[in-house]
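>>> let's see this in three dimensions:
(one chain, ligands or ions: 1)
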Amino acid sequence: PVLVVDLGAQYAQLIARRVREARVYSEIVPHTMSVDAMLAKRPAAIILSGGPASVYAEGAPSVDPALFEAGVPVLGICYGFQAMAQALGGTVAQTGAREYGGTEVKIRSTGSLLGGSPDAQTTWMSHGDAVHEAPEGFDVLATSDGSPVAAFEDTNRRLFGMQWHPEVKHSPLGQDAIENFLYVGAGLEPSWTAGNIIEEQVAAIRAQVGSDRVICGLSGGVDSSVAAALVQRAIGDQLTCVFVDHGLLRTGEAEQVEEDFVAATGVQLKVVDARQRFLDALAGVSDPETKRKIIGREFIRVFEDAAREVVADAGEHGGEVKYLVQGTLYPDVVESGGGEGTANIKSHHNVGGLPDDLQFSLIEPLRALFKDEVRAVGLELGVPEGIVWRQPFPGPGLGIRIVGEVTQERLDTLRAADLIAREELTKAGLDREIWQCPVVLLADVRSVGVQGDGRTYGHPIVLRPVSSEDAMTADWTRLPYEVLATISTRITNEVKDVNRVVLDVTSKPPGTIEWE
Ligand code: XMP
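A predicted model of the protein is given here:
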């Protein structure tokens, strides 16, 4: 792998992603890992990430100079660049002056790192100190107003560095520099593809599972679907998927799993129709947190029952169910502090909280992957596009998009309105522009309207289109007025009991994406 050494900034994940985008496998390791331990992973190259403002700051992470003598190609970025300069005898001046944001650098010589660059390029920087003199043996490739040495390389020792952040999109030629490092500097091939990932995982899953039986909770979302498809590819009918239909799904979602997904993958599926059970449990409840707790609790109970049935059936067919598939992704692993060297990795429960007491071992075939890679693998495995490109949908489903008590009638109303919004957004080609667009029914609010010749007294539907990178923060999406107009007209015309459509123009924070 290419190791990305996390020197404490928030950029390590982004760097790892960019390397993967260049079709080279990468892993993040903490800077506290010893050089020996890093070398034991037989890295093809090493990238040092950005970090705190100054190499002189108290407690600033240092880089063991032995790293630069191992013969492994190294790229230092920002703080990693300065740490490399300092370790090898260059000078890093404590200027205190900052270069922050878009910064122009002048290219003195493109060398191999900046091959293909014009004479100057805009880069994104964020640093206080600057490298004033490059260590011996290095060519200075670029300078900027605040950085006498903004990039350097020593092609003999295969050491490279740059002051700016090539991994952020605000450095438009950044990906070129990363690819130059990987392909030219380190001589690597772009061979990490969806096909390879599948081959590797299929072999690993077969080795792990042997002839045992496996279950998987399927939610209809991207991660659990692709994980299931991958395990199915590896072990076929040793896998049984369990899909709980809690009745809080949108139009077509249950069918998508029951028909399209099964047809595309051949997976063995157990569908549990728990719609009435959830309606009964939710009767009379309007408080959002209480609804969430009820839905979570019922989900676990239903799943547990289904899993026990699968286990019992498997017993008859000779075979014990030993494994549970989970769609854990690499960001979950990294964010849980489990990137490397940590013993206790928290298991993320993607299917609304799976039972802990079922005592299965986990199979997590997507543990090393980012979301875009999961989608590529899904497409390669033939998972239907409607599932692969699905926008996030909360586990509690429409239950938390009805403000007020959840009833069958209200679910039908909301489903009809939601379908219209989705149809029109798809028709306008906006699905991949927006992060998601919750459609919310204000069941306890009524307003006066007029339709045909008569007065109406109906409920409002709220459209909540948002743009986001990670759902932690979000902004409301400026949808074209014509699209909004069409959605509004269609909903008020076609959906019974709805006489008004309103647009939520709140960012997150202060609003959350969902209303409950
Ligand atoms: P909020 O409303 O907190 O939502 O801004 C952030 C993102 O998380 C989704 N969401 C959930 N996903 N189970 C889930 O699997 C949940 O209980 C849940 N609640 C919110 C929401 O759709 C958005 O993408």
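
>>> who in the stretch 351-500 of the chain is up against the ligand?
Residues of the stretch 351-500 of the chain lying close to the ligand (CB under 6 Å from any ligand atom) are 392, 394-396, 436, 471. Where C-beta positions appear, they are placed from N, C-alpha and C, glycine not excepted.

>>> I'd like the residues you listed as CSV, with pLDDT appended.
Formatted as CSV, those follow (pLDDT from 0 to 100):
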residue, pLDDT
P392, 91
P394, 91
G395, 89
P396, 92
Q436, 96
A471, 83
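
>>> is it possible to get JSON lines of those residues that adds distance to E200, secondary structure and neighbour count?
What follows is these, written out as JSON lines (distance: CB to CB, whole Å; DSSP: H, G, I helix; E, B strand; the rest coil; neighbours: other CB atoms under 10 Å):
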{"residue": "P392", "distance to E200": "27", "secondary structure": "coil", "neighbour count": "12"}
{"residue": "P394", "distance to E200": "32", "secondary structure": "coil", "neighbour count": "19"}
{"residue": "G395", "distance to E200": "30", "secondary structure": "coil", "neighbour count": "19"}
{"residue": "P396", "distance to E200": "35", "secondary structure": "coil", "neighbour count": "23"}
{"residue": "Q436", "distance to E200": "31", "secondary structure": "strand", "neighbour count": "20"}
{"residue": "A471", "distance to E200": "29", "secondary structure": "coil", "neighbour count": "14"}
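
>>> out of those, who's nearest V271?
Distance ranking of those against V271, using CB to CB, places G395 first at 17.2 Å.

>>> the residue most distant from the middle of this structure, which is it?
Most distant residue from the mean C-alpha position of the chain: D453, 50.4 Å away (CA atoms, centre = their mean).

>>> distance of it relative to L441?
26 Å (CB to CB, to the nearest Å).

>>> can you check P1 too?
Distance from P1 to L441, by CB to CB: 48 Å.

>>> is it true that D212 touches G319?
Yes - the pair D212 / G319 is scored as a contact, 6.6 Å apart, by CB atoms under 8 Å.

>>> relative to G102, how far out is whichever residue of the stretch 51-200 of the chain sits closest to the ligand?
In the stretch 51-200 of the chain, no residue comes nearer to the ligand than K169, which is 22.0 Å away by CB to the nearest ligand atom. Applying CB to CB, the value for K169 to G102 is 12 Å.

>>> next one: A151
With distances taken as CB to CB, A151 is found 16 Å from G102.

>>> ok, V311 next?
Taken as CB to CB, the span from V311 to G102 is 58 Å.

>>> that older thread, residues near the residue of the stretch 51-200 of the chain closest to the ligand, how many?
Burial of K169 is recorded as 11 neighbouring residues (other CB atoms under 10 Å).

>>> confirm that it sits in a strand.
No - counting by DSSP: H, G, I helix; E, B strand; the rest coil, K169 is not found in a strand; it is coil.

>>> need phi/psi at it.
The phi/psi pair for K169 (degrees, to the nearest 10) reads phi -70, psi -20.

>>> so that it lines up with my notes, have the first residue be 20 from now on.
In the new numbering, first residue 20, that becomes K188.

>>> domain-wise, how is this protein divided?
Domain assignment of the chain by automatic domain parsing yields the ranges 21-204, 213-407, 420-522.

>>> mean neighbour count, the ones you listed: which tops it?
domain 21-204 (a mean of 20; mean count of other CB atoms under 10 Å).

>>> give me the low-pLDDT residue ranges for the stretch 320-469 of the chain?
337, 354-377 (pLDDT under 70).

>>> C-terminal to the one helix or strand in the chain whose mean pLDDT sits lowest, what's the next element?
Lowest on mean pLDDT, DSSP states H and E among the helices and strands of the chain sits helix 349-354, with a mean of 79. Following helix 349-354 in sequence order, the next helix or strand is strand 380-382 (DSSP states H and E).

>>> that next one: partners in the sheet, and parallel or antiparallel?
Here strand 380-382 has these sheet partners by DSSP bridges: strand 340-344 (parallel).

>>> spell out which residues of the chain are next to the ligand.
Contacts of the chain with the ligand, taken as CB under 6 Å from any ligand atom, map to 411, 413-415, 455, 490, 527, 531-533.

>>> N199: which of those is nearest?
A490 (33.5 Å).

>>> residue contacts, that closest one?
The contact partners of A490, taken as CB atoms under 8 Å, 6 or more residues apart in numbering, are 411, 454, 532.

>>> the second one touches K390, doesn't it?
No - taking contact to mean CB under 8 Å, the distance of 12.0 Å between W454 and K390 leaves them out of contact.

>>> contacting residues for the residue minimising distance to the centre of the chain?
The residue lying closest to the centre of the chain (CA atoms, centre = their mean) is K390, at 4.2 Å. By CB under 8 Å, 6+ apart, the contact list for K390 reads 241, 348, 350.

>>> ok, those residues vs G397, which is closest?
V241 (6.6 Å).

>>> from memory Q32 sits against L348, does it?
No - applying CB under 8 Å as the test, Q32 and L348 come out as separate, 11.3 Å apart.

>>> just the helices in the stretch 70-219 of the chain please.
Along the stretch 70-219 of the chain, counting by DSSP state H, counting those that start in this stretch, helices occupy 98-106, 193-198, 213-228.

>>> let me see the mean pLDDT of the longest one.
Confidence over helix 213-228 (mean pLDDT, whole number) is 95.

>>> quick one: stretch 24-42 to chain centroid distance?
Relative to its chain's centre, stretch 24-42 lies at 14 Å (CA atoms, centre = their mean, to the nearest Å).

>>> mean confidence for that stretch?
Rounded mean pLDDT across stretch 24-42 is 90.

>>> and the residue lying closest to R269 once chain neighbours are set aside, what are its phi and psi?
Spatially, and ignoring its direct neighbours in sequence, R269 is nearest to D437 (5.4 Å; CB to CB, 6 or more residues apart in numbering). With angles defined as degrees, to the nearest 10, D437 sits at phi -60, psi -40.

>>> what's near enough to touch D437?
So D437 contacts 269-270, 417, 420, 458 (CB under 8 Å, 6+ apart).

>>> what does L417 give?
Counting by CB under 8 Å, 6+ apart, L417 touches 267-269, 425, 430, 433-434, 437.
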